[in-house]
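**Q** sequence and computational prediction follow.
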Amino acid sequence: MAEQGGDLKKYFSGLRDGWKRILSVSKKPDRKEFSFDLKITLLAIAVVGIIAYLIQLGLSLVFG
């Protein structure tokens, strides 16, 4: 039982170290990059929403 607790502690310690490494390498995006990413994300959400609406509309027309 204590061995499992040690494995769990080792797992979370490794997870924390991984997050530290990721945060130390990452950088804050500049305004232009952030704006581009936001536009792409909103476009993707809109496309998925339109597709879902068209599917719902089609099914409601077929099944009444």
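**A** Okay, I see it.

**Q** nearest the geometric middle of the chain, what residue?
**A** By Cα atoms, centre = their mean, the chain has its centre lying nearest to residue 41, at 10.9 Å.

**Q** tell me how far that residue lies from residue 49.
**A** Residue 41 sits 13 Å away from residue 49, going by Cβ to Cβ, to the nearest Å. The way it works is simple: take the backbone N, C-alpha and C, and place the C-beta from them, glycine included.

**Q** give me the buried positions along the lengthiest helix in the chain.
**A** Longest among the helix segments of the chain by residue count, using DSSP state H, is helix 31-63. With burial defined by 16 or more other Cβ atoms under 10 Å, not one residue of helix 31-63 is counted as buried.

**Q** any low-confidence regions in the chain?
**A** Within the chain, the stretches with pLDDT under 70 are 1-5.

**Q** go with 50
**A** 1-2 (pLDDT under 50).

**Q** what's the neighbour count on residue 21?
**A** 10 (other Cβ atoms under 10 Å).

**Q** and residue 64, how many neighbours does it have?
**A** 5.

**Q** state the distance from it to residue 53.
**A** With distances taken as Cβ to Cβ, residue 64 is found 18 Å from residue 53.

**Q** residues in contact with residue 25?
**A** Residues counted as contacts of residue 25 (Cβ atoms under 8 Å, 6 or more residues apart in numbering): none.

**Q** roughly how far does it sit from residue 19?
**A** In terms of Cβ to Cβ, residue 25 sits 11 Å off from residue 19.

**Q** ok, now residue 31?
**A** Counting by Cβ to Cβ, the gap from residue 31 to residue 19 is 26 Å.

**Q** quick one: distance of the longest helix of the chain to the chain centre.
**A** 16 Å (Cα atoms, centre = their mean, to the nearest Å).

**Q** against which helices or strands is it packed?
**A** Here helix 31-63 touches no other helix or strand, going by 3 or more Cβ pairs under 8 Å, 6 or more residues apart in numbering; DSSP states H and E.
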